[in-house]
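*Asks:* How does the following fold in three dimensions:
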Amino acid sequence: VVYTTPSPNEPDTALEPNHTKFIFVDDKRQGEYGGEIEFRARLEHAISGNFFGTRSKAASGIESQTLTTPSLHPEQSDPVPVVLLVVEGGPNTLRTVYNAVFKHNIPAVFFEGTGRCCDLFAKAVRCYEEYTKTPEDVAETSQATQSPCPEEIKNKLREALNKELCEIGGVTNVSQASKDTSTSEKLTPIMETKSQEVDSIDYFESVYRCVTQRQKFLNIVSLNTKSPVEPDIDLTILKALLKATSGCSVNKTNEEQKHEQFRLALEWNRVDIVKNEIMKKDEDWTSTNLNDLFERALTNSRTEFVKLFLDHDFPLTDFI
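*Replies:* The predicted structure follows:
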């Protein structure tokens, strides 16, 4: 299909030329952005099959519909991990991140240096880590009195992100605007009236919730032009999945989590990740049932993985 280049004066938006597949969502609105955000989050959640575990109690009050199309969940198929890749982005991208990360526990990878939404989250993650870090030289008995309280950290973070929030929201002073907003409004990132959705969002509150309650789902890739080494995007995505699956559900044992992580590394053909990140102890090889993964390594001719199994005295009695 050949698409013509639209005129700059036309109100419509052209399809992204760097993508090959598209899903069109019709919510009956015309000339507006963001109509697909809620559906996209539900679709991603349905595809992933709740791969990253149940939501925490903090999000239990947020009700969301789920897709139950049988074809999305064949009983014998493996769950499909989903990762949200974020490049630059504005208000609707922030909403997309919030819906994916906070509501549905889907990890996101932000490319810092591309601007706006990505730079906002990158700075938020780093600042929050800095503000919540306890000085090593502070005695254990005095940490409680010297460590800042959560409200102080929140206000400090709001001030630090003021510039980035202004770029997202198009206002002159987000810090002051947020202080003038009632608590009930701040805790409602998506309002009932669709026409007022974007204008009514407290962007800081959405970012703050993600940073404080879903930090392990936020991953930053720095596109520093001065660095001679290009970032390994594939490795970053894999590590984002590994981090998200680590302790993601109270319903999964440590062995089950390691099994899932091992399978992901096998699919990526990254034996180094298995050695350095997943199966770091000898007992990991004896406590985790790896028969199906060894068979998969044989079937897919993953010779490095087969060698790794044999190096750890994997029993071959079931395969002879």
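
*Asks:* make it CA atoms for all contacts and neighbour counts henceforth
*Replies:* Fine.

*Asks:* what separates residue 104 from residue 216, distance-wise?
*Replies:* In this structure, residue 104 lies at 13 Å from residue 216, with C-alpha to C-alpha, to the nearest Å as the measure.

*Asks:* hmm, I was thinking of residue 45
*Replies:* Relative to residue 216, residue 45 is positioned 17 Å away (criterion: C-alpha to C-alpha).

*Asks:* swap in residue 312?
*Replies:* On the measure of C-alpha to C-alpha, residue 312 and residue 216 end up 30 Å apart.

*Asks:* between those two, who's got more neighbours?
*Replies:* Comparing residue 312 with residue 216 by other C-alpha atoms under 10 Å, the one with more neighbours is residue 216, at 22 against 11.

*Asks:* Strands of this protein, residue ranges please.
*Replies:* All strands of the chain, identified by DSSP state E, fall at 84-86, 108-112, 218-222.

*Asks:* got the ones you listed as CSV, with mean neighbour count and mean pLDDT columns?
*Replies:* As requested, the strands of the chain are arranged in CSV below (neighbours: other C-alpha atoms under 10 Å; pLDDT from 0 to 100):
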stretch, mean neighbour count, mean pLDDT
strand 84-86, 17, 95
strand 108-112, 23, 96
strand 218-222, 20, 94
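
*Asks:* out of the ones you listed, which comes closest to residue 130?
*Replies:* Using C-alpha to C-alpha as the criterion, the shortest distance between residue 130 and the strands of the chain is 15.4 Å, found for strand 218-222.

*Asks:* strand partners of that closest one, parallel vs antiparallel please.
*Replies:* Strand pairing for strand 218-222, using DSSP bridges, gives strand 108-112 (parallel).

*Asks:* Pull the residues that contact the strand it pairs with.
*Replies:* Residues outside strand 108-112 that contact it (C-alpha atoms under 8 Å, 6 or more residues apart in numbering): 83-88, 97, 101, 118-119, 121-122, 217-223, 236-237, 240.

*Asks:* What is the neighbour count of the closest residue to residue 224 other than its chain neighbours?
*Replies:* Closest residue to residue 224 in three dimensions, ignoring its sequence neighbours and counting by C-alpha to C-alpha, 6 or more residues apart in numbering: residue 113, at 7.0 Å. Burial of residue 113 is recorded as 16 neighbouring residues (other C-alpha under 10 Å).

*Asks:* same thing with the one 3 residues further on?
*Replies:* Using other C-alpha under 10 Å, residue 116 is surrounded by 24 other residues.

*Asks:* Would you confirm that it contacts residue 168?
*Replies:* Yes: using C-alpha atoms under 8 Å, residue 116 and residue 168 qualify as a contacting pair, with a distance of 6.2 Å.

*Asks:* can you list residues touching both of these two?
*Replies:* Taking C-alpha under 8 Å, 6+ apart as the contact criterion, the common neighbours of residue 116 and residue 168 are residue 90.

*Asks:* for the stretch 101-250 of the chain, which spans come out with low pLDDT?
*Replies:* When the per-residue scores of the stretch 101-250 of the chain are filtered using pLDDT under 70, the ranges that remain are 135-147, 170-201, 225, 227, 247-250.

*Asks:* any idea how far residue 287 lies from residue 304?
*Replies:* Spatial separation of residue 287 from residue 304 under the definition C-alpha to C-alpha is 21 Å.

*Asks:* Give me the more crowded residue out of these two.
*Replies:* Taking residue 287 and residue 304 together and counting by other C-alpha under 10 Å, residue 304 has the greater number of neighbours (14 against 10).

*Asks:* can you pull the contacts of the more buried one?
*Replies:* Under the criterion of C-alpha under 8 Å, 6+ apart, the neighbours of residue 304 are residue 271.

*Asks:* Who are the contact partners of the one residue sitting closest to the centre of the chain?
*Replies:* Nearest to the geometric centre of the chain sits residue 107, at 1.8 Å (C-alpha atoms, centre = their mean). With contacts defined as C-alpha under 8 Å, 6+ apart, the neighbours of residue 107 are 82-84, 100-101, 216-219, 240-241, 244.

*Asks:* Also residue 233?
*Replies:* When contacts are counted by C-alpha under 8 Å, 6+ apart, residue 233 touches no other residue.

*Asks:* Could you measure from it over to residue 85?
*Replies:* From residue 233 to residue 85 the distance is 10 Å (C-alpha to C-alpha).

*Asks:* With residue 299 instead?
*Replies:* Using C-alpha to C-alpha, residue 299 is found at 31 Å from residue 85.
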